[in-house]
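Participant: Structural data only, the sequence is not supplied:
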């Protein structure tokens, strides 16, 4: 290109003869004349068509590319996988040739669809209170001194661009319900419409492509949540993140503003409190861009168009479990105890983000703190509540000696047990003392046991005596009523029993 520019300048500007240009450049005069007649600034070189080892397989590869174009992003084969399949069919060429063919085919397909590069889009405008956008992302933080992968829930108002980020250990239904509830609380209300991608916590099945791919089989609990908060869910087309581009950008911005320094906190509750403070603070620092003022200014004007939150949604996911003979149910590799009266029976297990509630026959049986441990190097845990096994030890008091649930007894109960088990019948006596918890306040029973131990009389009779005295002493005698002066009679009635003699003699019907 530089030589062509020099030749043109010498001949057309400096009027140097062709013979001199030939001497200086070493090119023939015919080549110099061809360059000058073409009147081109940049030389064009025609690449001759050459045969390739891929030519016999070009039709096969094109068919594969057409099939792969109709699959989802995660199901598509890569160019390297197609090269391996071609090698299995007898192809002897290199991977680079296959990759170049795939690139050319995709570029031609884009041109055929009248698109180029990354595509063309239409900018969107939203009215106040019209919509919000939601998305998940994976980020890292240090919790309790350990580096943990978290699922971050991003919710963003489409008009004011106010956003909130919360961290959760999992991307599950109950986490989604809690994320939206907390987002509506922070954002000040509920918009008319929610824009989501086709996440599994919302969409069970997407309609077939031949029908347009618009039909969605929405999860029943997600539908119940949307009906409770009175917003209309809208779902993007598969692999079309630009349809909720605001929250997609918010995911990238949050990684730079919030997660880049790898925040460290003792637990996830402290992390979420910090995330909420940071998000609200950033509203006042970020300019809106399309409207005058900051995000906080536009959000303050949008709050009036949002529907008040009202009563929160009871966002649990329900499973039916059968209680084992040892009074346990299993969930996520962990086991939780259930009252012994429901052993070998089905119960309803309601899963919340931080707790597990067991219900049956229209009543709540028990509640446990939920254990979430995604490590593959640790075994599942068993969570006992010794109160659930009291009905069993009434019939089998010997189980107190080595029963796993009773390792968690309060210290006073353990001291009493160590003394009672030394004498015959002590296990049955201890079981009867523990059973008092089912009829009386546990703290009162515990206090009675402590007083019995202090007195040095560790017997069931003495514990019952102290317990009854504690219970009886809880109800103080009623205080005398001091009537105010305004309620006193000005003339108190006189006792006149002689009036009854007149009634007895007859002649009067009333004593008055």
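Facilitator: Perfect, I can see it now. Values in this document were obtained by computation on a predicted structure and should not be read as measured data.
Participant: Give me the mean pLDDT for stretch 434-444.
Facilitator: Mean per-residue pLDDT for stretch 434-444: 91.
Participant: I meant stretch 194-201, not that one.
Facilitator: Mean predicted confidence for stretch 194-201 is 92.
Participant: quick one: buried residues of that stretch?
Facilitator: By 16 or more other C-beta atoms under 10 Å, the buried positions in stretch 194-201 come out as 194-198, 201. Where you see a C-beta, it was placed from the backbone N, CA and C, and this is true even at glycine.
Participant: do stretch 101-121 as well
Facilitator: Across stretch 101-121, burial judged by 16+ other C-beta under 10 Å covers 101-102, 105.
Participant: picking up where we left off before, most widely separated two among the buried residues of stretch 194-201?
Facilitator: Using C-beta to C-beta, the buried residues of stretch 194-201 span at most 15.0 Å, a distance reached by 195 and 201.
Participant: Secondary structure element holding the residue nearest to the spatial centre of the chain?
Facilitator: With distances taken as C-alpha atoms, centre = their mean, residue 175 lies nearest the centre of the chain, 2.9 Å away. Taking DSSP states H and E as the definition, one finds residue 175 inside helix 173-187.
Participant: Quick one: list the elements packing against that helix.
Facilitator: strand 131-143, strand 146-157, strand 163-168, helix 220-229, helix 268-283 (3 or more C-beta pairs under 8 Å, 6 or more residues apart in numbering; DSSP states H and E).
Participant: Buried ones in that helix, by neighbour count?
Facilitator: Neighbour-count burial for helix 173-187 flags 173-184, 187 (criterion: 16+ other C-beta under 10 Å).
Participant: Columns pLDDT on top of these, output as JSON lines?
Facilitator: Output for the buried residues of helix 173-187, formatted as JSON lines (pLDDT from 0 to 100):
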{"residue": "173", "pLDDT": "95"}
{"residue": "174", "pLDDT": "96"}
{"residue": "175", "pLDDT": "96"}
{"residue": "176", "pLDDT": "96"}
{"residue": "177", "pLDDT": "97"}
{"residue": "178", "pLDDT": "97"}
{"residue": "179", "pLDDT": "97"}
{"residue": "180", "pLDDT": "97"}
{"residue": "181", "pLDDT": "97"}
{"residue": "182", "pLDDT": "97"}
{"residue": "183", "pLDDT": "97"}
{"residue": "184", "pLDDT": "97"}
{"residue": "187", "pLDDT": "97"}
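Participant: and residue 183, what does it touch?
Facilitator: By C-beta atoms under 8 Å, 6 or more residues apart in numbering, the contact list for residue 183 reads 132, 134, 153, 155, 164, 166.
Participant: Quick check: the gap between the last one and residue 184.
Facilitator: Remark: distance between residue 166 and residue 184 (C-beta to C-beta, to the nearest Å) = 12 Å.
Participant: what do you get for the fourth one?
Facilitator: From residue 155 across to residue 184, the span is 8 Å (C-beta to C-beta).
Participant: Please work out which of the helices and strands packed on helix 173-187 is packed deepest.
Facilitator: When those are scored by mean count of other C-beta atoms under 10 Å, the highest mean neighbour count falls to strand 163-168 (a mean of 24).
Participant: just how off-centre is that one within its chain?
Facilitator: Relative to the mean C-alpha coordinate of its chain, strand 163-168 is positioned 9 Å out (C-alpha atoms, centre = their mean, to the nearest Å).
Participant: So in that sheet, which strands flank it, and in what orientation?
Facilitator: strand 146-157 (antiparallel) (DSSP bridges).
Participant: Please list the outside residues in contact with the strand it pairs with.
Facilitator: 131-142, 162-171, 175-176, 179-180, 183, 187, 191, 246-247, 250-251, 254, 259, 262, 268, 271, 299, 302.
Participant: could you give the angle of it to helix 268-283?
Facilitator: 40 degrees (axes from the mean of the first three to the mean of the last three C-alpha atoms, to 10 degrees).
Participant: Below-threshold pLDDT in the stretch 251-400 of the chain: ranges please.
Facilitator: Regions of the stretch 251-400 of the chain meeting the criterion pLDDT under 70 are absent.
Participant: Which parts of it are strands?
Facilitator: Along the stretch 251-400 of the chain, counting by DSSP state E, counting those that start in this stretch, strands occupy 264-265, 317-322, 328-331, 334-337, 346-351, 355-360, 363-369, 382-383.
Participant: winner for burial among those?
Facilitator: Note that of the strands of the stretch 251-400 of the chain, strand 334-337 is the most buried (mean count of other C-beta under 10 Å), with a mean of 22.
Participant: mind checking how far that one is from the chain centre?
Facilitator: 22 Å.
Participant: and residue 150, bridged to which residues?
Facilitator: In this entry, residue 150 is beta-bridged to residue 139, by DSSP bridges.
Participant: mind checking pLDDT for it?
Facilitator: So, for residue 150, pLDDT stands at 95.
Participant: burial measure for the residue nearest to residue 391 when sequence neighbours are not counted, as a count.
Facilitator: Spatial nearest neighbour of residue 391, excluding adjacent residues (C-beta to C-beta, 6 or more residues apart in numbering): residue 340 at 4.5 Å. If you count neighbours by other C-beta atoms under 10 Å, residue 340 ends up with 19.
Participant: Pull the contacting residues for residue 340.
Facilitator: Residue 340 makes contact with 327, 388-392 under the criterion C-beta under 8 Å, 6+ apart.
Participant: Look up how far residue 365 lies from it.
Facilitator: Separation of residue 340 from residue 365 (C-beta to C-beta): 11 Å.
Participant: if I look at those two, which residues touch both of them?
Facilitator: Joint contacts of residue 340 and residue 365 (C-beta under 8 Å, 6+ apart) do not exist.
Participant: Show the contacting residues for residue 239.
Facilitator: Going by C-beta under 8 Å, 6+ apart, the list of residues near residue 239 reads 72-73.
Participant: Would you verify that it is located in a strand?
Facilitator: No. Per DSSP: H, G, I helix; E, B strand; the rest coil, residue 239 lies outside any strand segment and is coil.
Participant: how close does it get to residue 430?
Facilitator: 65 Å.
Participant: one step back: what would the buried residues of stretch 194-201 look like in CSV with secondary structure and distance to residue 96?
Facilitator: Conversion of the buried residues of stretch 194-201 to CSV gives the following (DSSP: H, G, I helix; E, B strand; the rest coil; distance: C-beta to C-beta, whole Å):
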residue, secondary structure, distance to residue 96
194, strand, 46
195, strand, 41
196, strand, 41
197, coil, 35
198, coil, 36
201, coil, 42
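Participant: what about residue 104, helix or strand, and which?
Facilitator: Residue 104 belongs to helix 95-112 when assigned by DSSP H and E.
Participant: Need the residues that contact that helix.
Facilitator: 52-54, 58, 61-62, 65, 69, 79-80, 82-83, 86, 91, 116-117.
Participant: Cool, thanks, signing off.
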